[in-house]
Every structure is written in C-alpha cells, then in structure tokens.
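Chemist: quick check, what structure comes out for this input:
(chains A and B, ligands or ions: 2)
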Protein chains: 2
Amino acid sequence: MSTTPNPGHMLLGMQFGNGFGAQPHAWRAPGVSPDALTDVDAQVRHAQTAERGLFDFLFLPDFLHLQQDLDHEPPTITLEPLLTLAAVARATERIGLVTTASTSYNDAYTLARQFKTLDVMSRGRAGWNAVPSSGEATAANYGRPALGRTEKYERLHEMVQVMQGLWGSWEEDAFIGDQAAGCYADAAKVQPIGMQGRHVGSHGPLPIPPSAQGQPVIFQAGGGGNGLQVAGRYANGVIGAVFSIEDARAQRAALRQAAADAGRDPDEIKFFAGVMPALGDTVRDAVDRRLALGKDVLPQRVGYLGMMLGLSLGPEHLDRPLSPDQLAVTRPHPGDPRSERALAVARDGWTVREVLAHGVIDYHPTPVGPAEVTADHMQEWFEAGAADGFWVSIDVYENGIDEFVDQVVPELQRRGLYKTEYAGSTLRENLGVPHQYGLDPRLG
Amino acid sequence: MSTTPNPGHMLLGMQFGNGFGAQPHAWRAPGVSPDALTDVDAQVRHAQTAERGLFDFLFLPDFLHLQQDLDHEPPTITLEPLLTLAAVARATERIGLVTTASTSYNDAYTLARQFKTLDVMSRGRAGWNAVPSSGEATAANYGRPALGRTEKYERLHEMVQVMQGLWGSWEEDAFIGDQAAGCYADAAKVQPIGMQGRHVGSHGPLPIPPSAQGQPVIFQAGGGGNGLQVAGRYANGVIGAVFSIEDARAQRAALRQAAADAGRDPDEIKFFAGVMPALGDTVRDAVDRRLALGKDVLPQRVGYLGMMLGLSLGPEHLDRPLSPDQLAVTRPHPGDPRSERALAVARDGWTVREVLAHGVIDYHPTPVGPAEVTADHMQEWFEAGAADGFWVSIDVYENGIDEFVDQVVPELQRRGLYKTEYAGSTLRENLGVPHQYGLDPRLG
Ligand SMILES: Cc1cc2nc3c(=O)[nH]c(=O)nc-3n(C[C@H](O)[C@H](O)[C@H](O)COP(=O)(O)O)c2cc1C
Ligand SMILES: Cc1cc2nc3c(=O)[nH]c(=O)nc-3n(C[C@H](O)[C@H](O)[C@H](O)COP(=O)(O)O)c2cc1C
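Modeler: Ligands and ions are numbered 1, 2, ... in the order given. Take a look at the predicted model:
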C-alpha cells in the first residue's frame, strides 16, 4: 500500500494560483482575461485540463496578507482556497485538491471541519499543506501579536494532531443508515477526543463521516529543520525548493530519514521537486515567450543576476551577451544555488535579458525549449532518485496547461515514465500512500 | 431601491438543512437515501428545485457542536455550510445563498474572506446570518471558555463592523485591468482599515474585488433585545419565530422601529415568518404523511402536549380524541404561544397522535392539507402585514421541494402574491434592499 502505484512512474502536482499562471505577467498574456482572479469558471476549466493530463493533484499556495504591488500585478493567491476547491470538486472526478492553510491563524475545529467537508465532497481527494504563518502583516490582519518561532511550530504540531484526532472522532464504521429500524449510526462510535495542548484544544466529536479516503492527506512545503520534523511525522507529500539533482537527492534522503526516525516507512512520503517549464517549438521560441511574459519584470532583475555572477550589471548590459572580459571574471555566487546554471546559460552567448528569460532567478528550475527538454529534465531527475514526482508551475494557465498536457505528458508516456490512466479515484490511491484514519498510532 | 421589487409580492426563503428535510425522520422517508448528509449532488438538486420555484434564498442553520442522538437521527446541520454553498453556487444562477456563521468562534479576516469569496463566486448571491454562539459544548470544541452574554454581543457588533470594513477595503472602482499598459488596479484604492475593537481587529485590506452585489447581505435570526438591536443596525433580512399574526406584526413593527432608531429606512429590513407546510391532497392525507414521518417521535411529545393543554396526557391517550370531560377542563398554557392552536385542533376531534401530527409543537406554524391551505395561511399573514415573506421548512426535501414548487407556488402566483420570474440576479436585487459597500455610513 505504501509505494507509488507504479514505481517506474513519476507523480505530478500542479501549482494552482490566482487564475493567471506562475509568471508575474501572466495576466497580460494574449488570450487571458484580466478578470481571471474572480472567474471560478476559468479555474474549473484549468482544473479539468490538468485532470485531462492525469495530474495527481492541484496545489494552492495561500498567504494571509496582500503582498503584491497591485498597481502592476494581481494578488498571487486565488479567492479563498477552500471555497475555490469546493467549486472545483464538483466539476472534476479524479484530481487531488490540495491547499495550504495556516496552522497559526485557524481553529482546529473549524479547519478540521472544512477540510473533512472538502474530502467528503470530493469523494476522497483533499489534501492539506500545513504551514505556520510568519510576519507582522499577517498578525495585524488577525489583530494579535505574531507567534514566536518556537510557539509557531508547537502550535503547528498541535493543530495537525488535534485535527487528525477530530477527523477520526466519527469512527469509520459508525454509520448504519438502517431506515426501517430507525438506526442512523452507532453513537458509541462517535466520541469526544478531549485533546488539549498548550495552544490548541478541542473536545469533539466532529459530525462528519469518513470520506472515500478516510481523511485528508497532509502535505508540507519548504524546509528547515522544523519543517523536516513536521514532514517526517505527518506528511505524505512534500514540495521542495531544489535547484540541482544533488540538492534534491539530499533533501529527499533527509526527508525519508525523518520519516524513519518517526517510526514510519520512508515510502509513505513522496517528494516533489518544482519545475517551471518554458515551452516552445524551439529554444528560441521558448525564450521569446518568456521575454514577452517578462517584459517589465526581467530588467528589474539585472542587478541580482550580476550579483549571482560576480559582475556589476546594469540596464545598459541587457541587450548584449557577456563580453569575453566579463566571462573571464565571472564567479557563480555560492550563496545562491541557481548561479551555476545562470553562468552556463550566459556562456552559451545569450544576451543578459535572454539569460533572465531562461528563468535562472525563478523559484524552481526552468527547462527551456520543446517538450523533450522538459521531459529530459524530469527523466534525469526522476531516474537519479532526486524526486518521486514534480510540482509543475505553468507560466500562463490559459493555453499553457493544454500545451503541457498535449506535449510533455505524451512524451513522458512514450518514455514509460508516466501513467496513462489514474491509479484510483482518491488522492491516497493516486499517490500510493497508506490508509490513515485519525491519529497515526505509531507517533508518540 | 429599498422596497420589495413588487410590493404586492411576498419573498420566500427556504430552510436548507442536512440534506434530508425539516422533520426529524425525513431521513427514513420513502425515496430518501440515508447517505444524503454527505451527498452534495443531492443538495445541488434540491437547490435547483428551489430555484425553479423562484425562492429568493436558501438559508442554512449552523451549530458548532453535535446535538443529535445519532443512534436515531442524523446531525441536523449540513457538511460545513460555506463549502456546501460554494458547490451549490456553480450549479445555480439566481437563488440567494445565505448561511449562519458564528461571530463568537471565527476571526473577522478569515470569515470576511470566505463570505466575500462566496459572494464573488456566486456573482452576488451571498448572505450571512450573523449569530453569537452560546454554551459549554461549543466552547469546548474551541478549547476556550464560553463568552459571557455581554461580551458575546459586543463581539458580534465588532465582527460585523470589521468584516464590513474589510469587504469595503478593496474599493469598488479599484480594478483597472489594463493589460497593454500593465495597470492591474489602482493600489491607492485598496487600503488598510486598521480597525481594532475590544474583541476583534484587523488591519486589512482584503485582496478581493467587489461582487456583483458589492458585498454579502446581513441576516439575523431569533430575537431578544440584543438581537433586535443587531438586526436594526445591520440586517436586511430577519427570520422570526412567530406563531400568530399579532405576534408577527408586533415583532415586525419592533424590527422596523429598531431600523429607524439606527437611522435606517425600515423598508431596508425584510421580516420572514417561518412556515412548515404539511401538504396532502386532503387534510387526512397531510395528517397521514406527518404521522408516518413522526412515527417514533410524536409519542415522545404527548406529555408536553398535555402541559400545553392543562391536562395530564400519557401514551394511553395517543389513539383517542380528547373526551368531552377532558375538553371541558383544558386551558391553553399562556407560556407557549402554540397552545391555542393545539387546542383548536383537539376540539376538531382528532386523536392525540393526530393533533401532534398537525405540527402543533413544531418550530413554526404548520398549515395542514392541500396547497390552498398553505397559500391561505401565507396570504392571510402577508396581507395582515405580519411578514414581508416566509421562511419555508420543507418536511422531506426529496419530492417535498418539488411538491411545494409545483403546488403552492402556482397557487400563490394565481393569487397575484408571488413573482413569475426573478427580479434580478443578485440577492440584494431579489430582496429589494439597497446597495451597500463597506460600513454603513449612517451608523455611528
Ligand atoms: C513550494 C513551496 C510552496 C510554499 N507555499 C507556501 C504557502 O502557500 N504559504 C506559506 O505561508 N508558505 C509557503 N511556503 C513557505 C514554507 O512553508 C516556509 O518555507 C516555511 O513556512 C518555513 O518557515 P520558517 O522559516 O518560518 O520555518 C512554501 C514553500 C515552498 C518551497
Ligand atoms: C429561524 C431561526 C433560525 C436560527 N438559526 C440558528 C442557527 O443556525 N445557529 C444558531 O446558533 N442559532 C440560531 N438561531 C438562534 C438565534 O440565533 C438565537 O435566538 C440567538 O442566538 C439569541 O441568543 P441569546 O438568547 O443568547 O441572545 C435561530 C433562531 C431562529 C428563530
């Protein structure tokens, strides 16, 4: 039960943001409506396309304050994610529905109820990316002081445990539904949990029967020692920020070790490496696509690129390749793992603007060119044991999801690296992670 | 703007509970699946039927702890109401989507965000029944002590105000969406609110544009002096628990006075009287329907009925009418406004069990018989100025909503008391209540 449905197949999740796409100027791309932030029908359409590509799950980021410069770009997050996914659930059948929700600014009873409702409504496809929230801006939106680092993680652990306790408080076989006899359920199997930690408590029970997969799957994103411990104990899916195979293998190994340390089978955790494909019929086309998408944004990054390369770069360098003199003195900055690739792209003779258009300062690696380039990247990482699957950020959802599904997915299938149908109908089945109901009895 | 779209037409809302219906044994009725609690498709179907009947809104009760005896009956509430309505929103076009949410156990930022999301997703059809929560069982689910009565209402006022402040924090004309120029919005029109009360605060802004009706409509249910003050200040819809025309007129008048006291136009508040029709081709059929639905429940109420009538009644009296001796000494109990009707039904010669099957101890008046009886009741109350409309509780949703829509609605239309099409596409338009965005400037 606790291995990937087909061990030779990679898993795929899709970043599902504000309706536009992962590139900041996606909202301005041709064919995109500027209203996509509030257009649930568009979000449903994008989810259906991802499902056509057999993506195992959608994954929604979430933040509890507005971070964007609205003069120039939309908020990066969707409308409220749980309601968005409730709408998407009825229009899809198989794709998993994972969203971020804060462990710092929610009550366990409310959040457990909302996630289990999503899980029941979607017939077993919900997942929760459990993240602590930081910063004064979020705290101010909640009218209370920010939690300290220690408290923040204590609270996270308590939230996950109390919520799982509540999820299990309606036992799996409590429902009877005998209309003739008038027996709705076995009330003895719907019991209080009476859990009370230092920060979070709930008496229960939760009045919601199990879903088709029992209860939602836990995800974790990002790293650090605290995050690793959280993931090791609770998560079945982890999204990493990794820029090299070596780094990804190391993170995946650390994660698997953390699971083992918590008494779990390491195969219960699937590690996803991010990837942000730039697709085009040729490399030139793909670079042009990103140049167009990054028109106003790329130039702002020239100084940072210079820092990564150990050069002083300004706007005047944008439209030239690095000179032989510049190339002679570049040094990839050891503090940014993306510097090596930036240098390699620069050495190929692209202009500085074009180097930036290769996504060298993006959040995840960007393969540039026809579908085969992205497939090569994914194959290499997957076969090197760097990831169990990928978290794909599509630059512009409108048309871009279709392109990935029609070009990259068939290429992966031809190579025998990707399924041709869903393994099952629940998120647990599709991830190949074990059944769990209530708390994990193996954890202390 | 602030009058009912057609002043000769009554408004209609529908109680939308746990998927089964308003009678405790609805889950056992013929044609009902015992799985309806978790079947969102069934809920969508019921909502669509209500929309076919031009109901102005669905209204979901909510409670934050399990109150039922699950051995014998399902939880009375749906799966989490906001997610339920998010699913219903995409499958409906005109019907309003109102749900209860607690002002005691939610954060303003989260709840404002979820309700405004529902409002945007439904294209302006969301409403919020703002209720304070009481009792130790709910407090225990949230792991903190229950609020005192004063605090509870202070917190309610602050919640409504901070949420409305957040709703208005993205100004109505802030969005620009000029793709060519790269102007997404006018950021100067998306500003913090910096509201901080004694219990509730939020800095803002909320990253959500206005909906088709601006922001959700506020509802209030139930009474008391505190509730009246809340309704007078904020509500556009109030559901009452009233058992006579006189009582309903008095409550409606008090409500309208409370609105005037708060500096508002009384026509901005619509008062809904509850009604729980028992439909049948004849009165006998309607009574038989309720006898079948109440098989195990009605006998438990015989003692209470005795108290209402000033008699000592036990199970041995169930299947006989009251004797002339009993009738000679009955006295309707002044403490329960339903006693007069119970006595009138008993005098008609029904057995005690049948008297109970007339719904004489139900939460709202129960007209018993063919559609005309329900239409007569509604017409009489409406024309007496007892209500602007009705909150209809259907006994068994499966088939029962269809019956109401196919029998009572056409009868009301024939009498010129009910619309033949929706007045508009937003809840505000359909209720005939004025535009509001952000806080009401008339309130201090
Ligand atoms: C792929 C990915 C996605 C993330 N998504 C979110 C998110 O949606 N919301 C959020 O608050 N943090 C998100 N994070 C941030 C991590 O949760 C963050 O690294 C974690 O909170 C560590 O915080 P700490 O440094 O305070 O321990 C994400 C990180 C990664 C790598
Ligand atoms: C038609 C109707 C529906 C109600 N629905 C709810 C509900 O869904 N949830 C709830 O907590 N209270 C509900 N109430 C109860 C009222 O909100 C309650 O009377 C109010 O909270 C007064 O409380 P107080 O006595 O503490 O002031 C409802 C009342 C009526 C008349």
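Chemist: please look at residue A:154 and residue A:199 and confirm they touch.
Modeler: Yes. Between residue A:154 and residue A:199 there is a contact under Cβ atoms under 8 Å: 6.1 Å. C-beta here means a position set from N, CA and C on the backbone, and glycine is covered the same way.
Chemist: residues contacting the closest residue to residue A:142 other than its chain neighbours?
Modeler: Nearest residue to residue A:142, sequence neighbours excluded (Cβ to Cβ, 6 or more residues apart in numbering or on different chains): residue A:105, at 5.1 Å. Counting by Cβ atoms under 8 Å, 6 or more residues apart in numbering or on different chains, residue A:105 makes contact with A:64, A:133, A:138, A:142, B:107, B:109-110.
Chemist: residue A:290 too?
Modeler: Neighbours of residue A:290 in contact, by Cβ under 8 Å, 6+ apart: A:23, A:278, A:357-359, A:368, A:395.
Chemist: pLDDT check: weakest of those residues?
Modeler: pLDDT across these is lowest for residue A:23, at 93.
Chemist: residue A:141 reaches residue A:66, doesn't it?
Modeler: No. Using Cβ under 8 Å, residue A:141 makes no contact with residue A:66, being 9.0 Å away.
Chemist: using neighbour counts, pick out the buried residues of the host helix or strand of residue A:155.
Modeler: Per DSSP states H and E: residue A:155 is located in helix A:149-167. For helix A:149-167, a neighbour-count test (16 or more other Cβ atoms under 10 Å in any protein chain shown) marks A:152-167 as buried.
Chemist: what does stretch A:372-386 give?
Modeler: By neighbour count, with 16+ other Cβ under 10 Å as the criterion, the buried positions of stretch A:372-386 are A:373-375, A:377-379, A:381-382, A:386.
Chemist: nearest to residue B:184, of those residues?
Modeler: The closest of those to residue B:184 turns out to be residue A:374 (Cβ to Cβ; 29.2 Å).
Chemist: read off the pLDDT value for that closest one.
Modeler: Listed pLDDT for residue A:374 reads 98.
Chemist: list the contacts for it?
Modeler: Going by Cβ under 8 Å, 6+ apart, residue A:374 touches A:275, A:277, A:279, A:367, A:408, A:411.
Chemist: kindly report the same for residue A:245.
Modeler: A:380-381, A:384, A:386.
Chemist: try 6 Å this time
Modeler: Applying Cβ atoms under 6 Å, 6 or more residues apart in numbering or on different chains to residue A:245 gives the contacts A:381, A:384, A:386.
Chemist: and it, how far is that from residue A:383?
Modeler: 10 Å (Cβ to Cβ, to the nearest Å).
Chemist: likewise for residue A:76?
Modeler: In terms of Cβ to Cβ, residue A:76 sits 33 Å off from residue A:383.
Chemist: sorry, back to before: turn the contacts of residue A:245 into CSV, columns for pLDDT, secondary structure and distance to residue A:317.
Modeler: Formatted as CSV, the contacts of residue A:245 follow (pLDDT from 0 to 100; DSSP: H, G, I helix; E, B strand; the rest coil; distance: Cβ to Cβ, whole Å):
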residue, pLDDT, secondary structure, distance to residue A:317
A:381, 98, helix, 32
A:384, 98, coil, 35
A:386, 98, coil, 34
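Chemist: the residue of the stretch 151-300 of chain A found nearest ligand 2 sits in which helix or strand?
Modeler: Closest residue of the stretch 151-300 of chain A to ligand 2, Cβ to the nearest ligand atom: residue A:207 (14.0 Å). Residue A:207 belongs to no helix or strand when assigned by DSSP H and E.
Chemist: now it, what are its backbone angles?
Modeler: Main-chain dihedrals, residue A:207, degrees, to the nearest 10: phi -80, psi 50.
Chemist: quick one: contacts for it?
Modeler: Here residue A:207 is in contact with B:66, B:75 (criterion: Cβ under 6 Å, 6+ apart).
Chemist: what's the lowest-mean-pLDDT helix or strand in chain A in contact with?
Modeler: Lowest by mean pLDDT, DSSP states H and E among the helices and strands of chain A is helix A:224-234, with a mean of 94. Applying Cβ under 6 Å, 6+ apart, the set of residues contacting helix A:224-234 from outside is A:153, A:160, A:218, A:220, A:238, A:255, A:258-259, A:262, A:443.
Chemist: what's the answer for stretch A:329-336, then?
Modeler: For stretch A:329-336, the external contacting residues (Cβ under 6 Å, 6+ apart) are A:308-311, A:339-340, A:343.
Chemist: same thing with stretch A:126-136?
Modeler: A:64, A:96-98, A:100, A:102-105, A:115, A:118-119, A:146, A:152, A:156, A:160, A:216-219, A:221, A:427.
Chemist: and those residues, which of them are buried?
Modeler: A:64, A:96-98, A:100, A:102-105, A:115, A:118-119, A:146, A:152, A:156, A:160, A:216-219, A:221, A:427.
Chemist: from those residues, which ones fall inside strands?
Modeler: A:96-98, A:100, A:102, A:217-219, A:221 (DSSP state E).
Chemist: now the two most distant members of the residues you listed.
Modeler: For those, with distances taken as Cβ to Cβ, the pair at the greatest spread is A:96 and A:102 (20.3 Å).
Chemist: now do the SS call for the spatially most central residue of chain A.
Modeler: Taking Cα atoms, centre = their mean, the centroid of chain A lies closest to residue A:59, which sits 4.5 Å from it. Three-state assignment for residue A:59 (DSSP: H, G, I helix; E, B strand; the rest coil): strand.
Chemist: tell me who's in contact with it.
Modeler: Residue A:59 neighbours (Cβ under 6 Å, 6+ apart): A:13, A:15, A:98.
Chemist: likewise for residue A:417?
Modeler: Applying Cβ under 6 Å, 6+ apart, we find residue A:417 in contact with A:10, A:379.
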